[in-house]
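Engineer: Build the 3D model from these lines:
(one chain, ligands or ions: 1)
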Amino acid sequence: MTKRRSWAEPWKIKVVEPLKMTTRAEREAAIREAGYNTFLLRSADCYIDLLTDSGTSAMSDHQWAGMMLGDEAYAGSRNFYALEQAVRDHYGYEHLIPTHQGRGAEHILSQLLIKPGDYVPGNMYFTTTRLHQELAGGTFRDVILAEAHDPASEHPFKGDVDLAKLEALVAEVGAERIPYITIGVTVNMAGGQPVSMANLHEVSAYCRTQGIRVILDATRAVENAYFIQQREPGYRDQPVAQILRQLCDLSDGATMSGKKDSLVNIGGWLAVRDPQLAEQARNLVVVYEGLHTYGGMAGRDMEAMARGIVESVQDDHIRARIGQVQYLGYKLIDAGIAVVRPIGGHAVFLDATAILPHLPREQFPAQALAAALYVESGIRAMERGAVSAGRDPKTGESRYPRLELVRLTIPRRVYTQAHMDVTAESVMEIFDQRERVRGLGFVYEPEYLRFFQARFATVGGDGIFA
Ligand code: PLI
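Structural biologist: Numbering: from 1, shown residues only. Now for the predicted structure:
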């Protein structure tokens, strides 16, 4: 029997940033002022900030050193070529079009490939991805496995595509109206759940027969590669870097938010194999993002990302990163808290409908739970449920996805095990008082991506706790 090894971080801390503690009265005032939306809180009022893993990573000394090597030329910056090489080496795509962040890449791709009336299947929606598809005239169709919508299912690859759903869409609308499929690796809204290599092989082979492009949302592909290494037969002895290349080899291109896996605070890219599509993307990127050799990023940011990519695919790094997320997840499971199972790659997701069964969906239990957690502990989390899902553009009706979740998202290389302990204790405190949490109703609802800027009022009295 092999001895179990700890996931301890393969780094030590060189610089620290003080955290501010607030009083409960201060937090009650802050969340009221923020309209019970954690996106509208000031970060200075948050103690442990688990809003997102996006752009919140700590960079290494090597990345910071690279920042000093920023070549801020308008055109042809040497840092662009370093980034292009890192993407070719580790993701395997020939043509790189840098963008300011992931949604910039989604915008370019959607505008280039989607015609009004087209359909774009995907393994569960992501907020910005679907909106760009809709704004280009497309309709998103969810083709993920049914298990992905069940928080309790222990399926090891809940991100897998249900091929029968994809085939049914092709039969319904015709392959010519499906320019591409988006495969999220991992699937953020399902709880950071991975796609198996076997499933991607099948999807890729099928799509080739239909002339449908396969586009990865590679935002957290390194995390997906780690789950394949750990869970899928035949991969245990392969380095994560090698598995990542195999994943990407099954696709025609990818959109990427470098703000997650790649350990930087800003940046993204679109990458494709088709030289003609690449040329069109280079032409469009100058309209919306910047010249095709910077796409909205400073030279120093491209250098930090090039270096971050290399660090991100190291087995030691990714084992510790996901090890920390699982540490928090299993603490909550042991305490009897309903969370999405299995624990995902970037976050632990609380099942708000299970925790707050007294609140109807129309009172946004996940939004309320995130607000209550903040008031109780100063921990900032994010709603990932009906508020995030927005309204159907055709009917104008609110969408109510089966998953109504609060995401405790773990920034990379930022917090310690003690912070995870405090987080778990704070969630347990809320759990003990769950009957007291009040529901929320909209007082302001923006048209696009409403979760970012919406404001709410509590239902049935003042304050998030009755
Ligand atoms: O935030 P961007 O524009 O760099 O990337 C958009 C984006 C695309 N795909 C996926 C799977 C994401 O998770 C994503 C952004 N996610 C955020 C901001 C998050 O908090 O999860």
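
Engineer: Excluding chain neighbours, what is closest to the most centrally placed residue in the chain?
Structural biologist: In the chain, the centroid-proximal residue (C-alpha atoms, centre = their mean) is Asn188; its distance is 4.4 Å. Of all residues not flanking Asn188 in the chain, Phe126 sits nearest, at 5.7 Å (C-beta to C-beta, 6 or more residues apart in numbering). Every residue, glycine included, has its C-beta placed from N, CA and C.

Engineer: mind checking the backbone torsions on the one you found?
Structural biologist: Backbone torsions of Phe126, given as degrees, to the nearest 10, read phi -120, psi 150.

Engineer: For it, which residues are in contact?
Structural biologist: With contact set as C-beta atoms under 8 Å, 6 or more residues apart in numbering, Phe126 has these partners: 184, 188-189, 217.

Engineer: Return the distance of it relative to Ala454.
Structural biologist: 18 Å (C-beta to C-beta, to the nearest Å).

Engineer: For the residue in the stretch 201-350 of the chain positioned nearest to the ligand, which non-adjacent residue is spatially closest?
Structural biologist: Among the residues of the stretch 201-350 of the chain, Ser257 lies closest to the ligand, at 3.2 Å counting by C-beta to the nearest ligand atom. Residue nearest to Ser257 in three dimensions, not counting chain neighbours: Gly102, with 2.8 Å by C-beta to C-beta, 6+ apart.

Engineer: From what I see, the one you found and Asp261 are in contact.
Structural biologist: No: the pair Gly102 / Asp261 is not scored as a contact, 10.9 Å apart, by C-beta atoms under 8 Å.

Engineer: Can you give me the distance of the one residue in the stretch 1-150 of the chain that gets nearest to the ligand to Ile266?
Structural biologist: Relative to the ligand, the nearest point of the stretch 1-150 of the chain is Gly102 (2.5 Å; C-beta to the nearest ligand atom). Plainly put, Gly102 is 11 Å away from Ile266 if you go by C-beta to C-beta.

Engineer: Then Leu113?
Structural biologist: With distances taken as C-beta to C-beta, Leu113 is found 25 Å from Ile266.

Engineer: quick revisit: spit out the contact partners of the residue of the stretch 201-350 of the chain closest to the ligand.
Structural biologist: By C-beta under 8 Å, 6+ apart, the neighbours of Ser257 are 54, 101-103, 105, 219, 268.

Engineer: re earlier: what subset of the contacts of Phe126 is also close to the ligand?
Structural biologist: 184, 188, 217 (C-beta under 6 Å from any ligand atom).

Engineer: quick check, nearest of those residues to Gln85?
Structural biologist: The closest of the ones next to the ligand among the contacts of Phe126 to Gln85 turns out to be Asp217 (C-beta to C-beta; 22.4 Å).

Engineer: which residues does the closest one bridge with?
Structural biologist: Under the criterion DSSP bridges, Asp217 forms beta bridges with Gly184, Thr255.

Engineer: Share the number of residues neighbouring the nearest residue in space to Thr182 that is not next to it in sequence, please.
Structural biologist: What sits nearest to Thr182 in space, not counting adjacent residues and going by C-beta to C-beta, 6+ apart, is Gly122, at 4.1 Å. Residues lying near Gly122 (other C-beta atoms under 10 Å) number 23.

Engineer: so what pLDDT did Gly122 get?
Structural biologist: Here, the pLDDT recorded for Gly122 equals 98.

Engineer: contacting residues for it?
Structural biologist: The contact partners of Gly122, by C-beta under 8 Å, 6+ apart, come to 129-130, 140-144, 181-184.

Engineer: Please convert the buried members of these into ChimeraX selection syntax.
Structural biologist: A single ChimeraX command selects the buried members of these (16 or more other C-beta atoms under 10 Å):
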select :129,130,140,141,142,143,144,181,182,183,184
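
Engineer: okay but Gly117 is in contact with Ala136, surely?
Structural biologist: No: counting by C-beta under 8 Å, Ala136 is not a contact partner of Gly117; they are 10.7 Å apart.

Engineer: Any stretches of this protein with poor pLDDT?
Structural biologist: Applying pLDDT under 70 to the chain flags residues 1-4.

Engineer: one more time with 90, if that's ok
Structural biologist: Low-confidence segments of the chain, defined by pLDDT under 90: 1-7.

Engineer: Could you list the contact residues of it toward the ligand?
Structural biologist: Near the ligand, when you scan the chain using C-beta under 6 Å from any ligand atom, you find 52, 54, 101-103, 126, 128-129, 184, 188, 217, 219, 257, 259, 268.

Engineer: For Glu429, state which of those is nearest.
Structural biologist: Thr52 (22.7 Å).

Engineer: Identify the residue nearest that closest one in space, chain neighbours excluded?
Structural biologist: Nearest non-adjacent residue to Thr52 (C-beta to C-beta, 6+ apart): Thr409, at 5.0 Å.

Engineer: mind listing what Tyr180 touches?
Structural biologist: Tyr180 neighbours (C-beta under 8 Å, 6+ apart): 109, 113, 120, 212-215, 252.

Engineer: Pairing-wise in the sheet, spell out the partners of it.
Structural biologist: Note on Tyr180: beta-bridge partners by DSSP bridges are Arg213.

Engineer: where does Leu408 fall, helix, sheet strand or coil?
Structural biologist: Under the three-state scheme (DSSP: H, G, I helix; E, B strand; the rest coil), Leu408 adopts strand.

Engineer: which residues touch it?
Structural biologist: Going by C-beta under 8 Å, 6+ apart, Leu408 touches 50, 328, 347-350, 379, 381, 423, 427.

Engineer: All the helices of the stretch 51-200 of the chain, residue numbers only.
Structural biologist: Assigned by DSSP state H, counting those that start in this stretch, the stretch 51-200 of the chain shows helices spanning 61-67, 78-90, 102-113, 127-135, 163-173, 197-210.

Engineer: Out of those helices, which is the most enclosed?
Structural biologist: Of all the helices of the stretch 51-200 of the chain, helix 102-113 has the most neighbours on average by mean count of other C-beta atoms under 10 Å, namely a mean of 24.
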